[in-house]
Structure formats: C-alpha cells, structure tokens
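> Any chance you can model this:
(4 chains)
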There are 2 protein chains.
Amino acid sequence: METTTTVREQILDHAVTLIMLRGYNGFSYRDLSSLVGVKTSSIHYYFPSKDDLVLEAVNEYSKEVLNAVHAIDPSLPADAKLSKYTKMFGRTLGDGNQICLCGMLAADIESLPENIRHAVQAFFKANENWLAKVLAQGAQEKTLAVNGKPESAARALYAAFQGSVLASRLFHTRARLEDVEASVRTTR
Amino acid sequence: METTTTVREQILDHAVTLIMLRGYNGFSYRDLSSLVGVKTSSIHYYFPSKDDLVLEAVNEYSKEVLNAVHAIDPSLPADAKLSKYTKMFGRTLGDGNQICLCGMLAADIESLPENIRHAVQAFFKANENWLAKVLAQGAQEKTLAVNGKPESAARALYAAFQGSVLASRLFHTRARLEDVEASVRTTR
DNA sequence: GTCTATACCCCGATAGAC
DNA sequence: GTCTATCGGGGTATAGAC
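The predicted structure is shown next:
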C-alpha cells in the first residue's frame, strides 16, 4: 500500500521545512526544485508567487500544529497538559535545526505582506488562548504558578516557548524548553 | 561643535538597524550604499565580506546593550532592576519595527558561520547570567516569583523577553514586554 | 502539468584607475 | 579611500512548446 503524495504536497512540505530552517529570505524556488525534482517553472504553476507559497505553508503548518494541540485530552490535569505541549513544541526542532515556522516568519515579518502577518498573528493567538485556559486550570489546581491574569501570563509563557526553541537551536540543546515548563511549575 | 562620524561607523550603524529590521538575508550592500552614500565597493573596503560586517555588527550591538544592562544600579531592589531591564528591552523596538539583533540572528543562525554563532551565544549567556542574579535577589526579597533554580528560571525569562519583542512587533503593540515582567512579579 | 528558454534584476565580490 | 566597471552567479517570474 503506497501513500500517494502529489507534487503540490511535496513542494508545500519542503517549503515548510525550509522556512523553519532558513526563513523567508533564506530559501528559493531553486532549492525546492532540486528537492522535489521538478523545474522552478512547475512550482510557479502551483504557487504563482513566493508569497502565495508561504501563505499556504503557514496555513498547512497551523492546521497541523493546532490539531495536535487540541488533541491534548481536555480531562487531564493542567500540569500534564503543559507537559504534552512542551513535548509537542520540542518536536518542531526536528533534527535540532528547525524552529517554529510562525516564530521564524515573525522574525521575517517586515519582508512579508499583510495577509501573511494576519495568518501568523492568528497562530500566535490560538496558542495563547489555549495556554490561558491551561494556566487558569493550573492555578485552580495549584500545580502551576500564575502571576497576574491568565491571559497576560499566557502571552508571556508563549513568548518563552518561542524564545526557548530559538535558544535550543542556537546552543544545540533540547533542554531549554524544559526550563520554560519548569518556570511555571509550582515548587513543592 | 560637530560630532564626526566616520563612514565606517555609519555603515556599521545602518547595518545594525537593517539586521534588526529584516535579518541577515534581508538586507544588502546596496541598501547600505544608498543609506550611507558611498558605493558598494567602498563598503567592501571596510568589510571585505558580509560575514565580516555582520560579526562586527554583533560585537557593536553587544557592547552597547551590555553596557546599558551593567549600568543598572546594583544597589536597587530586584524588582526595580527588572523594570529597568524591561524598559531597555523595549527600546530595541525602535519605531516599533525592530527586534533584538541577536534574536534576529538566532533565527538566521543556519545561514551563518560559527564565529557569529559564538558571538550570539555569548550575548544570550551574558543576559541570562545577569537575569539569574536578579532573580536570586528577587527570590530573597520576595518580590519576584522564581520556580526552580535561578539559572533555569533566568533562561526561561530571557527566552520570554526575546519572544515578546517578536510578538510586540508582530502585533504592533509595546504591551507584550510588560506581560513578561508581570509574569515574574509576585502577586500581592 | 512539465518542460526549455529567457527576461530582468539583484547579489556579493574583485580589479584597477584615480 | 572612493570610484567605475565588471564577473559569475542566483533571485523571482513569464512565455510558449509539448
């Protein structure tokens, strides 16, 4: 039983990986061409402009990651949910040289059109909203330390995850994500 | 009384700004050429390769920022130190479209040589070390909430600052840095 | 759909006159 | 030190044959 992968899907998947590795200005149609095995003009057939390609990459990435986040069992205690979230964030590192696609595009945002900015913002907000609920639950269960409003703490926590995956790659270590999780766990 | 600025300094200053705006792959010798008013070949005279230029930009930026950090009065209470640090981090935003130069280069790190990676790592570590001391002091003074070891908490906190300046620019708001500061302040 | 061919511009970098 | 001129290559994108 073979899994059929269309050329279009291959292009999109490699684009996602390349953006997570080198960012918007760091990859080209030529890179994709050699990875997929079609000419650059064929890529333009599916994605007329680079911005079209990147927007679809954001949407594919968002859909996948948010599915994984929302698949975390809602009946779990808050600290267990956070552990799963940390693990999931660690998976974005791949072989250790990738960061979150939306974190990367946030760094490149001044080179990008408004529709991509909105897509990246939506991804950030979805993560922050989910974390806010977990923090509120964790405060009630007294397993997570929340200072100030959960919404504010969630924005800070999500920023910490984004920053820590950046630092994890910079220092060639996966440990920095755990620093973030530890920083909100109540000391016993 | 005129402040003399050499061509070399002008190039370096504009390079710093451009990297904070668009990143390593997002600016060119041509951009600098039109900003400074000399030909690109003259820029090569001062900085033979782009990597030479970027390394010096990191060093200049690091020197300036770390001077500002270490200029924070050591006799202040920990929460006051953190307030000053937050304000200083907010200044990197500039007109609202810049992020920390070393955070940006951390995103671009897979396109950069090892010597630049080391310089960026050193900047991260210097900030984390300073924050670790502040957190230890704040824990003792019971003004800052520290979970786990101060070193680990400092890495998480610095990641949060890096991530929040990214989000501040993404959402066109300066408020996100304050979320980070609030997240470590003890609720009274 | 995929290709060849090409347009048009930008890139970093260098040689050599002044 | 700064310039003109240029090299060799890479960038996105398009036209048109198959």
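> Is A:G26 in contact with B:A107, as I believe?
No - in this structure A:G26 lies outside contact range of B:A107 using CB atoms under 8 Å: 9.5 Å. In this view, the C-beta of every residue, glycine as well, is placed from N, C-alpha and C.
> Who has more neighbours out of these two?
Just comparing A:G26 and B:A107: by other CB atoms under 10 Å in any protein chain shown the higher neighbour count belongs to B:A107, 27 against 20.
> Show the contacting residues for the closest residue to that one other than its chain neighbours.
Of all residues not flanking B:A107 in the chain, A:A107 sits nearest, at 4.0 Å (CB to CB, 6 or more residues apart in numbering or on different chains). Contact analysis of A:A107 by CB atoms under 8 Å, 6 or more residues apart in numbering or on different chains lists A:G23, B:G23, B:I99, B:G103, B:M104, B:A107, B:D108, B:L166.
> Please, a PyMOL command that selects the buried ones among those residues?
The following PyMOL line selects those of those that are buried, judged by 16 or more other CB atoms under 10 Å in any protein chain shown:
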select buried, (chain A and resi 23) or (chain B and resi 23+99+103+104+107+108+166)
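> how about the contacts of A:A107 in a markdown table, adding pLDDT?
Listed next are those as a markdown table, based on pLDDT from 0 to 100:
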| residue | pLDDT |
| --- | --- |
| A:G23 | 98 |
| B:G23 | 98 |
| B:I99 | 98 |
| B:G103 | 98 |
| B:M104 | 99 |
| B:A107 | 99 |
| B:D108 | 98 |
| B:L166 | 98 |
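> and the contacts of A:A107 as a markdown table, adding secondary structure?
Formatted as a markdown table, those follow (DSSP: H, G, I helix; E, B strand; the rest coil):
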| residue | secondary structure |
| --- | --- |
| A:G23 | coil |
| B:G23 | coil |
| B:I99 | coil |
| B:G103 | helix |
| B:M104 | helix |
| B:A107 | helix |
| B:D108 | coil |
| B:L166 | helix |
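> Now A:L166: closest residue in space, sequence neighbours ignored.
Leaving aside its sequence neighbours, A:L166 sits nearest to B:A106 (CB to CB, 6+ apart; 4.8 Å).
> where does A:G148 land in three-state SS?
A:G148 is classified as coil under three-state DSSP.
> these two touch, right, it and B:T187?
Yes - at 6.6 Å, A:G148 and B:T187 qualify as touching, with contact defined as CB under 8 Å.
> quick one, which of those two is more surrounded?
Neighbours per residue, other CB under 10 Å: of A:G148 and B:T187, the larger number sits with A:G148, 16 against 9.
> now that one: how far from A:L135?
Using CB to CB, to the nearest Å, we find A:G148 at a distance of 10 Å from A:L135.
> Quick check, A:K50 in contact with A:R30.
No - the pair A:K50 and A:R30 fails to qualify as a contact (CB under 8 Å) at a distance of 11.8 Å.
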